[in-house]
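# Following is a predicted model, sequence given first.
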Amino acid sequence: MVVNINAEPQPTPESSLVSTTSSAVTDILAEFLRLKISANTKRNYGKAIADFCRRIYSSDVSTKLLSQFLCLSQPEAVYQALQYRQQLIEAKLAPSTINVRLSALKSFVDYARTVERCSFNLADVSCLKVESYGDTTGIAVAGFREMLLIPDRSTVKGIRDYAILRLLWDNALRRNEICSLDVVDFSESGRLAILGKGKIQKSQIDLSLATTIAISQWLAARDNYQSSDPLFTSLDRRSKGHRLDGSTIYRLVREFSEAAGIDKIVSPHRIRHSAITAYLDASDGNIRAAQSLSRHANLNTLSRYDDNRHKYQAIATNTLADLV
């Protein structure tokens, strides 16, 4: 099927319910994103819709393009979505990234259909099968210990960075969980309220004494702040006082790991993997406590860490080799 994406959509009896005015389309995108509670989801879904417009229509997202897309017939819409899916695959994006973008597009269409601005659905456009957490390898405890020595704790920046490293390791936090923290979420009694992945309500976790002290020292070193302010802020001249973003935490981790002489590429999530694996080693495989630490909803995901730690596959392979 050849679809002329530059042609103005022709109304059909089925698509006559769709409003094609610019204001209506602008509102529907804004309304759709407002329904997403997580700021991270809003950002990712907004980027996904913009990416779809760039790849399929070779233009930035606009009311005209969204209007054209929402007025397509069922076969044309599915064709464009499948073309988009194929382009993402050919760009060699990670399956998880492709799935987020497809989910955003499908969710947007579902919302438009619900409010009678769209007459088609993308149920036939499937996401990719993902082997989640296939690689749980991390860094050695000694390597992370070296990383903790890198921040210069005689400076405000060093105090802040050290506190972030402690949260990444001691509580195996994700970088977005750290970025979303506010001052009010921290209690000097050693408690922290975090917004977990995919959650809409914050939950309390316990901090180690070392992490509690590190965060308290960071707050003491900061300028005046309110309880509603971000817990971790930028210290750069241009963005001083603004909420620290995930890319900055990623760069800090890369910088410290390289300075510590660690050969492999280290990311905040790899530190999380390392912390979970290190705990399983230290606790002789206490899965229940490890699940409380990692906050994985699916115990099978956590079991992969334990399987990789024991190298069960290598044991099986070597056993088979010895039989012949």
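Right, received. Where do you want to start?
# and the nearest residue to Leu209 once chain neighbours are set aside, how many residues sit next to it?
Counting by CB to CB, 6 or more residues apart in numbering, Gly190 is the residue found nearest to Leu209 once chain neighbours are left out, at 7.0 Å. Bear in mind the C-beta positions are built from the backbone N, C-alpha and C, glycine included. Neighbourhood size, Gly190 [other CB atoms under 10 Å]: 16.
# Show me the shaky parts of the stretch 101-250 of the chain.
In the predicted model, the stretch 101-250 of the chain carries pLDDT under 70 at residues 130-137.
# got the residue ranges for the helices in it?
Along the stretch 101-250 of the chain, the stretches classed as helices by DSSP state H, counting those that start in this stretch are 141-148, 156-170, 175-179, 209-221, 246-259.
# list the contacts for Pro230?
Contacts of Pro230 were listed using CB atoms under 8 Å, 6 or more residues apart in numbering, and they are 181-183, 242-244.
# which among those residues gets closest to Phe256?
Proximity of the contacts of Pro230 to Phe256, judged by CB to CB, is greatest for Leu244, which lies at 15.1 Å.
# returning to what we had before: can you redo the helices of the stretch 101-250 of the chain as a markdown table with distance to Ser67 and mean neighbour count?
What follows is the helices of the stretch 101-250 of the chain, written out as a markdown table (distance: least, CB to CB, whole Å; neighbours: other CB atoms under 10 Å):
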| stretch | distance to Ser67 | mean neighbour count |
| --- | --- | --- |
| helix 141-148 | 51 | 17 |
| helix 156-170 | 44 | 22 |
| helix 175-179 | 33 | 22 |
| helix 209-221 | 49 | 17 |
| helix 246-259 | 33 | 17 |
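# now those in JSON lines, with distance to Leu128?
Rendered in JSON lines, the data for the helices of the stretch 101-250 of the chain read as follows (distance: least, CB to CB, whole Å):
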{"stretch": "helix 141-148", "distance to Leu128": "33"}
{"stretch": "helix 156-170", "distance to Leu128": "29"}
{"stretch": "helix 175-179", "distance to Leu128": "22"}
{"stretch": "helix 209-221", "distance to Leu128": "37"}
{"stretch": "helix 246-259", "distance to Leu128": "23"}
